[in-house]
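Trainee: what's the 3D shape of this:
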Amino acid sequence: MAEYDTFILTDLNEFTQDQAQDMIIRDLASTKAKYCCKVVKARASSDPDKYGDRLWPRLGRGQWVGKPWSIEIIEWINPIPEEWR
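Mentor: Numbers count the residues shown, from 1 in each chain. All right, here's what the predicted structure looks like:
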């Protein structure tokens with residue numbers, strides 16, 4: 001099980017759950033790439049057992065929400081345009 005965190009800048013109740021959406025997540029793996037940010041298309045749920053990986057949501061100032069959520073990554077997105085690579 002992989003662990004990620006993300007910042008939710010809107011009201012927590014306004015976050016769209018269980019629908020595919022673009023998100024920025026940080027990898028919490030204990031490797032050299034810890035805290036590496038990635039852009040993904042994913043589904044997230046406040047039910048910690050719904051999807052296979054764990055997501056720790058944070059509010060705008062970095063406060064933990066309190067309990068883990070779950071996340072299913074559908075696609076890894078490279079945000080850099082092709083002509084700049």
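Trainee: And the strands in the chain?
Mentor: For the chain, strands defined by DSSP state E occupy the ranges 3-8, 21-27, 37-45, 53-59, 69-77.
Trainee: Save those as a markdown table, and put in distance to Glu83 too.
Mentor: From N, CA and C alone the C-beta is placed, and that goes for glycine too. Putting these into a markdown table (distance: least, CB to CB, whole Å) gives the following:
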| stretch | distance to Glu83 |
| --- | --- |
| strand 3-8 | 29 |
| strand 21-27 | 21 |
| strand 37-45 | 18 |
| strand 53-59 | 32 |
| strand 69-77 | 17 |
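Trainee: Centre-most residue in the chain?
Mentor: In the chain, the C-alpha nearest the mean C-alpha coordinate belongs to Ile25, at 3.8 Å (CA atoms, centre = their mean).
Trainee: Quick one: residues contacting the residue nearest to it when sequence neighbours are not counted.
Mentor: Once flanking residues are discounted, Ile25 sits nearest to Tyr4: 4.2 Å by CB to CB, 6 or more residues apart in numbering. Going by CB atoms under 8 Å, 6 or more residues apart in numbering, Tyr4 touches 25-28, 53-56, 71.
Trainee: Repeat the analysis, applying 10 Å as the threshold.
Mentor: 23-29, 37-38, 40, 42, 44, 53-57, 69, 71, 73 (CB atoms under 10 Å, 6 or more residues apart in numbering).
Trainee: Can you tell me the closest non-neighbouring residue to Ala33?
Mentor: Nearest one to Ala33, counting by CB to CB, 6+ apart, is Asp27 at 6.0 Å.
Trainee: Of the contacts of Tyr4, grab the buried ones for PyMOL.
Mentor: For the buried members of those, the matching PyMOL selection, counting by 16 or more other CB atoms under 10 Å, is:
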select buried, resi 23+25+26+27+28+38+40+42+44+53+54+55+56+57+69+71+73
